[in-house]
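Q: Everything below, folded, please.
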Amino acid sequence: MEMPPDEVKEGAPEWVVTFGDMMTLLLCFFVLLLSFSTMEAERFKIIAGYIREAFGVQADQRHTEIPAGDTVVTVEFNPPSMSKSQILESIVKMTQNMAMGNLVEASMEEDGVRVRLDGTLTFKPGGTTLTDRSMLFLDYVADLIHDAGASASVEGHTDNRPLHTKAFPSNWELSGARAGSVVRHLETRGIPGTNLEAIGYGSTRPITENFTAEGRRKNRRVEILIEPK
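A: A predicted model of the protein is given here:
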């Protein structure tokens, strides 16, 4: 008598479920191993970076283009916007435009540009109040100093004739007061006081002889030394 065939159950065999569970567990196990190894590698990189910094070792990096900076350079390290030759050229051009060629002289020196103002342009005889015409020129000089980021030393000079007044006992006081008047005007035009200096030389530094009226006129002067930083 023939045995009836075994009834085939629907779905996957029972051993497949056990096999699937085992394969899933193995997969999770290897994923965990992989994750552990990755974390250790990252930790090793961090520790190696600390050691490299401690010993001053710099990484060798190759760039295909010039690296760009990520911080803004401060104003103090910016170069001046105008050179000495540009300042001199601007002053010469302005003296020509204002028809002051015989009253203003400009020359280049090692420290900067020296501007020499004739005494008849800047002040009345024996006074310290700037003339209107000189203030117009000094306004332009102030703008030039500001644009160049420069400092300025203002020097007052007189002739050798003795001076005895209540306000100015000698030429020292007069020359210093005239230099101070120019400095105060430049400061009102926006030049910081830390960039300005007033010096009175009296009659100690003549540029020509004092025996004639013309020579004394030339010695009565104000000089401004513009020094770009």
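
Q: Might you list the low-confidence residue ranges for this protein?
A: The chain contains residues with pLDDT under 70 at 1-12, 35-81.

Q: ok, which stretches of it are strands?
A: Assigned by DSSP state E, the chain shows strands spanning 104-108, 113-118, 150-157, 196-200, 221-228.

Q: So the chain: which segments form each domain?
A: Using automatic domain parsing, the domain ranges for the chain come out as 13-59, 84-228.

Q: Buried deepest among these, which one?
A: domain 84-228 (a mean of 17; mean count of other CB atoms under 10 Å). Every residue, glycine included, has its C-beta placed from N, CA and C.

Q: how far out from the middle of the chain is that one?
A: 27 Å (CA atoms, centre = their mean, to the nearest Å).

Q: Quick check: end-to-end length of it?
A: With CA to CA, to the nearest Å applied, domain 84-228 spans 7 Å between its terminal residues.

Q: what do you get for stretch 155-171?
A: First-to-last residue span, stretch 155-171, CA to CA: 13 Å.

Q: what's it in contact with?
A: 126, 173-180, 182, 198-203, 205-206, 210, 215-217, 219-225 (CB atoms under 8 Å, 6 or more residues apart in numbering).

Q: Among these, which lie within helices?
A: If you go by DSSP state H, those have 173-180, 182, 215-217, 219 in helices.

Q: just those now: which is nearest Asp147?
A: Comparing the ones in helices among the contacts of stretch 155-171 against Asp147 with CB to CB places Val182 closest, at 18.7 Å.

Q: farthest pair in the ones in helices among the contacts of stretch 155-171?
A: Gly180 and Gly215, at 25.4 Å, using CB to CB across the ones in helices among the contacts of stretch 155-171.

Q: got a list of what the residue nearest to Glu209 when sequence neighbours are not counted touches?
A: Take Glu209 and drop its neighbours on the chain: the residue closest to it by CB to CB, 6 or more residues apart in numbering is Gly215, 4.7 Å away. Residues near Gly215 by CB under 8 Å, 6+ apart: 159, 206, 208-209.

Q: Now flag whichever of the residues you listed is closest to Thr194.
A: Distances from Thr194 to the contacts of Gly215, taken by CB to CB, are shortest for Pro206, at 30.8 Å.

Q: on that earlier part again, wait, which of the strands of the chain is closest to Val92?
A: Closest approach to Val92 among the strands of the chain (CB to CB): strand 104-108, 5.7 Å.

Q: could I have that closest one exported to PDB, CA atoms only?
A: Output of strand 104-108 as PDB, limited to C-alpha atoms (Å, rounded to 0.1, in the frame of the first residue of the first chain):
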ATOM      1  CA  VAL A 104      55.000 128.400  -2.600                       C
ATOM      2  CA  GLU A 105      57.900 126.000  -3.200                       C
ATOM      3  CA  ALA A 106      57.800 122.200  -3.000                       C
ATOM      4  CA  SER A 107      60.700 119.800  -3.000                       C
ATOM      5  CA  MET A 108      61.300 116.100  -2.300                       C
END
